[in-house]
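>>> below is the sequence, then the predicted model.
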Amino acid sequence: MKLKNSFFYTLRENASDEDSISSNLLVRAGMIKKSGTGSYMFMPMGYKILKNIENVVREEMNKAGAMELLMPSLIHEDVYAKSGRSETFGSSIFRLKDRYDKPYILGPTHEEMFAIAAKMKVKSYKDLPFNLYQFQNKFRDEPRPRFGLIRVREFIMKDAYSFDTDLAGLDESYEKMFNAYKNIFDRLGIDYKIVKADTGAMGGLLSEEFQAISEIGEDTLVFCEKCDFSSNDEIAECVITNLARKGEEMQMEEVHTPDSKTIEEVSAFLNIEKTQTVKALMYKADDELVACFVQGDRELNEVKLQKILGCSIMEMADDAFIAANSKAVPGFAGPIGIGCKVIIDKHIKDAVNVVVGANKADYHIKNVSIPRDVEYDLCEDITVVKAGDICPVCGGNLIFKKGIEVGNTFKLGTKYSEALDLEYSDENNKLHPVVMGSYGIGIGRTMSAIAEQCSDEKGLVWPSIIAPYKVHIVLIKDNDEEQAAAAEEIYKMLNIEGIEALLDDRKERPGVKFNDAELIGMPVRVTVGKKITEGIVEFNVRKTGEATEVKTDELLETIKETLKKV
Ligand SMILES: [Zn+2]
């Protein structure tokens with residue numbers, strides 16, 4: 001592409017409404033433009049990158065035996081009502097009505113639709129297995145869209161679905177997709193980690209996430225220094241080392257703690273470590289009040305708690321709900337005699353001589369022994385893992401990193417096939433639900449994650465596999481006949497060789513052209529200037545900053561060799 005007379009622009013100023021390095025650079029490079037909260041235009045060069053990522057994904061999906069199709073985004077609400085997701089997705093779904101007042105939604109993910117499509121083929125066990133996928137715009141009414149393409153309301157996703165007769169078949173299909181994902185992210189040159197995750201609104205048996213390591217990542221990943229333990233912190237188990245279990249059991253005693261409601265206030269007032277206190281957290285789970293207790297210095301993990309409770313809606317209980325359903329006094333809630341469901345974090349089940357709320361204004365109880373004095377309904381792991389905890393597998397130190405979830409894989413089981421009557425008959429004509437898996441990759445999010453990882457203070461640094469153009473030719477003097485002819489010749493040669501090139505033939509100063517080249521970040525830059533009279537051009541590698549002079553007759557070979565490496 002020649003820049004003169006093309007739709008090419010860059011911005012000199014930072015984008016005031018962008019909140020990440022990648023989104024600011026992508027906007028300044030003229031690759032994307034925010035069109036509204038959480039939705040973006042993809043400009044020609046940005047769209048090319050998106051398509052290049054899509055092609056890598058498509059190649060690996062096809063190699064793994066999956067077949068591409070296309071579903072509608074506009075879906076009758078009934079379909080999601082059948083699976084229960086109209087409710088569990090809640091306000092994250094975009095809902096609308098047609099002219100006859102019939103309810104529709106804009107698809108947030110397509111398990112239901114693929115189950116319906118699969119019914120066209122599946123009758124007997126002989127019709128399985130198979131795997132289908134699509135690239136399609138998904139819609140989610142995110143409460144806080146941010147970081148450019150990373151958290152948006154409309155996005156392009158590759159979603160694949162596997163269909164098998166049994167769990168052993170699912171394991172095999174899952175493995176194929178899992179390996180395809182590794183190939184994809186390896187080929188894209190992303191620095192990523194794979195972690196176990198919560199199955200959340202998807203339901204199912206197992207979820208793993210492919211996380212691009214990045215400071216702006218919204219997920220916290222937990223790894224072991226020694227073994228291969230890795231997990232999203234939403235579900236990470238941990239071993240707490242600073243447990244409250246000091247000394248011999250002493251006599252319980254009520255103590256007056258005026259105005260001491262928070263753990264900070266109570267521990268300061270009684271002059272004890274926070275680890276010797278027990279924190280109460282009250283939740284409304286569906287319509288039940290649940291009192292949860294963790295060590296005073298710890299946070300409660302709501303994802304773990306909701307999974308244990310198996311409730312569909314969970315929120316912090318308000319004072320009125322607490323008062324109506326228990327004997328707890330806000331700020332002084334304790335597990336003894338509270339009069340509602342009690343869950344104890346498993347890490348404190350042996351704690352002795354701890355301080356708990358007395359369920360009485362301005363009073364706590366000290367010297368409480370959890371095994372001796374506390375009756376509870378459940379004892380489970382409900383704490384958030386944090387620095388200082390050790391690996392539950394080997395006892396090694398845990399490392400924390402931030403990640404952007406670029407892909408996920410789910411072993412769904414039969415949740416959707418049962419909801420939508422996707423069944424097959426076995427050898428004895430007995431009916432069984434089909435066993436499904438689902439596999440997603442956010443294409444725009446992957447683009448942003450790469451931009452986040454591959455950029456410097458001057459701009460973007462695209463890996464050659466997805467760069468929209470591999471070579472950026474800068475013509476120094478557009479009115480110098482010899483230079484213009486040489487640049488044109490190089491441009492033509494690259495086109496013949498199938499190497500996509502940009503030719504900056506605009507009437508601009510060299511400084512402007514160089515800055516734009518750094519900003520948009522094509523892997524290789526070839527500068528045609530004065531030395532062309534000696535048959536020499538300047539050759540720059542964006543990633544390494546390497547600058548050399550190359551003879552024009554060696555240029556093609558140098559470009560080919562370099563593109564293999566960057
Ligand atoms: Zn370990």
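In hand now; what should we look at?
>>> domains of this structure?
Per automatic domain parsing, the structural domains of the chain span 21-65+108-235+400-451, 253-380, 469-565.
>>> right, and those - which one's nearest the ion?
domain 21-65+108-235+400-451 (3.1 Å; Cβ to the ion). C-beta here means a position set from N, CA and C on the backbone, and glycine is covered the same way.
>>> the closest one near the ion anywhere?
Yes. Domain 21-65+108-235+400-451 reaches the ion (Cβ under 5 Å from the ion) through 224, 226-227, 229.
>>> ok, back up a step: mean neighbour count and mean pLDDT added to the domains of the chain, as JSON lines?
Shown next, in JSON lines, are these (neighbours: other Cβ atoms under 10 Å; pLDDT from 0 to 100):
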{"stretch": "domain 21-65+108-235+400-451", "mean neighbour count": "20", "mean pLDDT": "94"}
{"stretch": "domain 253-380", "mean neighbour count": "18", "mean pLDDT": "93"}
{"stretch": "domain 469-565", "mean neighbour count": "17", "mean pLDDT": "96"}
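>>> please tabulate those domains in a markdown table, including the columns distance to Trp462.
Formatted as a markdown table, those follow (distance: least, Cβ to Cβ, whole Å):
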| stretch | distance to Trp462 |
| --- | --- |
| domain 21-65+108-235+400-451 | 7 |
| domain 253-380 | 35 |
| domain 469-565 | 5 |
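>>> all strands of the stretch 301-450 of the chain, in order?
Using DSSP state E, counting those that start in this stretch, the strands of the stretch 301-450 of the chain run over 314-316, 341-345, 354-357, 363-368, 378-380, 398-413, 423-425, 431-433, 435-442.
>>> so which of those gets nearest Ser6?
Among those, strand 435-442 comes nearest to Ser6, with 29.0 Å by Cβ to Cβ.
>>> and that closest one, what does it pack onto?
Packing contacts for strand 435-442, counted by 3 or more Cβ pairs under 8 Å, 6 or more residues apart in numbering; DSSP states H and E, involve helix 111-118, strand 154-164, helix 167-187, strand 398-413, helix 415-419.
>>> only alpha carbons, please: show the second one as CSV.
Written as CSV, here are the backbone C-alpha positions of strand 154-164 (Å, rounded to 0.1, in the frame of the first residue of the first chain):
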residue,chain,number,x,y,z
GLU,A,154,-19.0,-5.8,21.5
PHE,A,155,-16.1,-8.0,20.5
ILE,A,156,-15.0,-10.6,18.1
MET,A,157,-14.6,-14.0,19.5
LYS,A,158,-13.6,-17.3,18.1
ASP,A,159,-15.8,-19.8,19.8
ALA,A,160,-15.5,-23.6,19.3
TYR,A,161,-17.7,-26.4,20.6
SER,A,162,-16.9,-30.1,20.8
PHE,A,163,-19.5,-32.9,20.9
ASP,A,164,-18.8,-36.4,22.3
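>>> and that strand, which strands flank it?
Using DSSP bridges, the strands paired with strand 154-164 are strand 130-139 (antiparallel), strand 435-442 (antiparallel).
>>> can you tell me the SS state at Ala467?
Assigned state for Ala467: coil (three-state reduction, DSSP: H, G, I helix; E, B strand; the rest coil).
>>> ok, back up a step: which two from the residues of domain 21-65+108-235+400-451 next to the ion end up farthest apart in space?
Distance extremes for the residues of domain 21-65+108-235+400-451 next to the ion: the farthest pair is Lys226 and Phe229 at 8.5 Å, using Cβ to Cβ.
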